[in-house]
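Peer 1: what follows is a predicted protein model with its sequence.
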Amino acid sequence: MNHTEQTNGFVISKSGDHFLCSHPGMLPTFTVRHDSPENARALMNNVLDHFRGSPLSVPAKAGVDIQHVFIEEFKNQAHLMNCPNLLPGLWGFGSTIDQALAALNNVISRYFETIPRRAAIRVESCYNGYKADCAELLPHITRNAIAPEQAFNEMAATLTEHSIKAMIQQQALSPIIVTGAFHSGTSAVALLLIKNGICMGTQLNYAYDEQDISTGIPGVGPFMGLSELITRYYPDRQHHIAETELLLLRDYFLRLIASKVAYPRWGWKAPPNIFLMPMLSRVFPEAKFIQIVRDGRDVALSPHSEFPNSDFGRLIYFDRTDIQEWQGIPLTAELGKGMGSNKFDPPPGLVECSLFAYLWQKMSLLGAKYGETLGNRFLLIRYEDLCLEPEKTVARIADFLNVPLDHKVIHLKKDRIHKFRTPPAWASDNRILEAIEKNAREGLDYFGYC
């Protein structure tokens, strides 16, 4: 479709790889965007049904009318974006239209609250008309125009632009970083935040890991994802990064996340974050870290794909790459061969479960002990508490982040905890649980699981 089509009041047109649909007669300020004309029309129908009989709640702020709002479906989320001549690139984000609309309202309100007092602008005549300035806030910038009102308005627009850029920069350095040992429940925390309107990435995999950060983007910066950063900086170098190198790292991350920092709150989830917490806390000096910990016995009985059968695997397990064996187990490329992270085919045995328990303890203690140095920038929660006391646990997260969170948006089954008490058939050998507890004893004690 290269033209505009009008049917029964719907207007559908092609825009790049997407299709836009609106209904000027019923909802003139909204347009939806989707991958096909049929889907775009269906989504517009949903929007019409949603707003039929109720007033739009998108406000006008600071005397500026919002002329248009875009809605787009994305990974089962509803996205709303206002007219580019108001706040270009800023989105409301949520799992429902209501939630996304509320998020958009928050964005608009928050950004226009940053506009300085109009009374701070001074207008005076000059040789070619009038000039306006704001010596208090932007002492070296003036705007000239023929009419005093025009000079005033242009200076007000300049103040707005600078205020918004300053806020975006502040938000860029204030992500929510979710971490924890593999299979400890980080996905549940990420989903909780996503469904409460917090952007945890725009390129998510099945486990809600942000792929742009986890694996990198070709051509963006000197690194390729968290694995390469861990290889370069873990365990010791991240504690002694020079300021110039820190600026390069910050630039790398900011380019990776350029499309995400426009959200009121944003962040990402990835278990390997735990190996880079000292570095990340310096790259993002206002970041908040959430670590979720789960009973190591349950974690060790979960399917893994992380083994010390490569230099990187040995590094994250043992902080070194030259180790050849552990507890008499050869650390060769054959270790864990054929095992996937989402199925037990073949099932792990005594060796694999011992390794999983050891890695759980290593990662969990590494994060918790460094987190203690971060003070009020770090929160530790237990997966079991999230399952058994969701309202209380989510309230702790909400207080920590200073944002409202609805615990009802996720539903965690209680039978997902304490699985080690009734192990699967392949793990019924008592020696497996004994080996797990032996290799996770310090962590089990530290986190109150024993």
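Peer 2: Received it, and whenever you're ready, just let me know what you need.

Peer 1: residue contacts, Lys414?
Peer 2: By Cβ atoms under 8 Å, 6 or more residues apart in numbering, Lys414 lies in contact with Cys387, Leu388. Backbone N, C-alpha and C define where each C-beta goes, glycine included.

Peer 1: can you list the helices and strands that the strand or helix carrying Asp251 packs against?
Peer 2: Using DSSP states H and E, Asp251 sits within helix 243-256. With contacts taken as 3 or more Cβ pairs under 8 Å, 6 or more residues apart in numbering; DSSP states H and E, helix 243-256 sits against helix 211-214, helix 277-283.

Peer 1: per-residue confidence at the residue with the largest distance to the centre of the chain?
Peer 2: Distance to the chain centre peaks in the chain at Tyr127, reaching 52.0 Å (criterion: Cα atoms, centre = their mean). Note on Tyr127: pLDDT of 76.

Peer 1: same question, Pro330
Peer 2: For Pro330, pLDDT reads 88.

Peer 1: Leu315 versus that one, what's the distance?
Peer 2: The spacing between Pro330 and Leu315, counted by Cβ to Cβ, to the nearest Å, is 17 Å.

Peer 1: more neighbours: the two, which one.
Peer 2: When Pro330 and Leu315 are compared for neighbours, Leu315 comes out ahead with 19 against 11, by other Cβ atoms under 10 Å.

Peer 1: before we move on, what's the pLDDT of the more buried one?
Peer 2: 94.

Peer 1: is it true that it touches Ile323?
Peer 2: No. Applying Cβ atoms under 8 Å, one finds Leu315 not in contact with Ile323, separated by 9.6 Å.

Peer 1: now the helices: where do they sit in the chain?
Peer 2: 37-51, 97-112, 148-172, 186-195, 211-214, 225-233, 243-256, 277-283, 296-300, 311-318, 350-371, 383-388, 390-401, 430-446 (DSSP state H).

Peer 1: most tightly packed of the ones you listed?
Peer 2: helix 296-300 (a mean of 27; mean count of other Cβ atoms under 10 Å).

Peer 1: CA atoms only for that one, dumped as PDB, please.
Peer 2: Provided in PDB are the C-alpha atoms of helix 296-300 (Å, rounded to 0.1, in the frame of the first residue of the first chain):
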ATOM      1  CA  GLY A 296      20.700 -22.500  46.100                       C
ATOM      2  CA  ARG A 297      19.400 -26.100  46.300                       C
ATOM      3  CA  ASP A 298      16.500 -25.200  44.000                       C
ATOM      4  CA  VAL A 299      18.800 -23.300  41.700                       C
ATOM      5  CA  ALA A 300      21.200 -26.300  41.500                       C
END
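
Peer 1: domains of this structure?
Peer 2: Segmentation of the chain into domains, based on automatic domain parsing, reads 5-112, 118-170, 173-446.

Peer 1: which of those comes out lowest on mean pLDDT?
Peer 2: domain 5-112 (a mean of 64).

Peer 1: look up the closest residue to Leu249, ignoring the ones flanking it.
Peer 2: Val283 (5.2 Å; Cβ to Cβ, 6 or more residues apart in numbering).

Peer 1: partners of the closest residue to Ile213 other than its chain neighbours in the sheet?
Peer 2: Of all residues not flanking Ile213 in the chain, Trp268 sits nearest, at 5.2 Å (Cβ to Cβ, 6+ apart). As for beta bridges, Trp268 partners with Ile177 under DSSP bridges.

Peer 1: need the contact list for Trp268.
Peer 2: So Trp268 contacts Pro175, Ile177, Val178, Met200, Gly201, Asp209, Glu210, Ile213, Ser214, Ile257 (Cβ under 8 Å, 6+ apart).

Peer 1: so how many other residues sit close to the first one?
Peer 2: The reference is to Pro175. 25.

Peer 1: contacts only, for it.
Peer 2: Counted by Cβ under 8 Å, 6+ apart, Pro175 has contacts Ile257, Trp266, Gly267, Trp268, Phe284, Ala287, Lys288.

Peer 1: give me phi/psi at it?
Peer 2: Per-residue torsions, Pro175: phi -80, psi 170 (degrees, to the nearest 10).

Peer 1: mind checking how far it is from His240?
Peer 2: 23 Å.

Peer 1: mind checking which of the helices of the chain is nearest Gly9?
Peer 2: helix 37-51 (9.6 Å; Cβ to Cβ).

Peer 1: who are the packing partners of the closest one?
Peer 2: strand 10-15, strand 18-23, strand 27-34, strand 69-74, helix 97-112.

Peer 1: against Ala190, how distant is the residue nearest to Leu249?
Peer 2: For Val283, the distance to Ala190 - Cβ to Cβ - is 20 Å.

Peer 1: do the same with Ser354
Peer 2: 29 Å.

Peer 1: angle of the helix holding Asp251 against helix 225-233?
Peer 2: For helix 243-256 against helix 225-233, the angle by axes from the mean of the first three to the mean of the last three Cα atoms, to 10 degrees is 170 degrees.

Peer 1: make residue 1 into 34 and carry on from there
Peer 2: Renumbered: residue one is now 34, and that last one reads helix 276-289.

Peer 1: got the CA coordinates for helix 276-289 in PDB?
Peer 2: Extracted in PDB, the C-alpha atoms of helix 276-289 (Å, rounded to 0.1, in the frame of the first residue of the first chain):
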ATOM      1  CA  GLU A 276      38.700   8.300  34.600                       C
ATOM      2  CA  THR A 277      39.400   8.500  30.900                       C
ATOM      3  CA  GLU A 278      38.500   4.900  30.400                       C
ATOM      4  CA  LEU A 279      35.400   5.300  32.600                       C
ATOM      5  CA  LEU A 280      34.200   8.000  30.200                       C
ATOM      6  CA  LEU A 281      34.700   5.600  27.200                       C
ATOM      7  CA  LEU A 282      32.700   3.000  29.000                       C
ATOM      8  CA  ARG A 283      29.900   5.500  29.800                       C
ATOM      9  CA  ASP A 284      29.800   6.600  26.200                       C
ATOM     10  CA  TYR A 285      29.600   2.900  25.100                       C
ATOM     11  CA  PHE A 286      26.600   2.200  27.400                       C
ATOM     12  CA  LEU A 287      24.800   5.400  26.600                       C
ATOM     13  CA  ARG A 288      25.000   4.600  22.900                       C
ATOM     14  CA  LEU A 289      23.700   1.100  23.500                       C
END
